[in-house]
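Trainee: mind folding the following:
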Amino acid sequence: MTARTRQLDAGVRTAMQALSAAAKKGLGDPVLTELVAIRASQLNQCAFCLDMHVDIAVRKNGESPKRIALLNSWREADDTFNDREKAALALTEAITLLTTADYVPNETYDEAAKHFTEPELAHLIASIVVINNWNRLMVSRRIEPGGPAW
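Mentor: Alright, predicted model coming up:
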């Protein structure tokens, strides 16, 4: 196996952190933001981001460990997640798995649009894109849970 750089350019890090903050600020729901980050991180198999966002969701935002445990099968956990959360999670999956479907289904986008204002939807999409970028940065650099990210 070849050596991988663990360094992340300070300018890239600063830009990513600013984009993350801007996306989250416009969404306004810290629990939903963390659910989206966790679900994308599950799909991308990013242990570093999973560890960090589960901790933030539970410890900082008071999310229940039960809901976190059921997040991977949110469709089958009928009453565990509300319709707004389900729409956000479906959109998260569609955007995260874009390479397998080649597009975000109209039904998925339209359902999300029912539950979010246009500015909120723009911030939700930005949040999904940002966590996917973070996942790719951490996975490709082999950053382990709890390890140094920079």
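Trainee: now do the longest helix along the chain: which elements does it pack against?
Mentor: In the chain, with assignment by DSSP state H, the single longest helix is helix 118-140. Secondary-structure packing of helix 118-140 (3 or more C-beta pairs under 8 Å, 6 or more residues apart in numbering; DSSP states H and E): helix 10-27, helix 30-44, helix 47-55, helix 83-96, helix 106-115. C-beta coordinates here come from the backbone N, C-alpha and C atoms, glycine included.
Trainee: residue ranges with poor pLDDT in the chain?
Mentor: Low-confidence segments of the chain (pLDDT under 70): 1-6.
Trainee: can you tell me the centre-most residue of it?
Mentor: Residue closest to the average C-alpha location in the chain (C-alpha atoms, centre = their mean): Ala37, at 2.1 Å.
Trainee: residues contacting that one?
Mentor: Cys49, His53, Ser127, Ile131 (C-beta atoms under 8 Å, 6 or more residues apart in numbering).
Trainee: out of those, who's nearest Lys60?
Mentor: The shortest approach to Lys60 among the contacts of Ala37 belongs to His53, at 10.2 Å (C-beta to C-beta).
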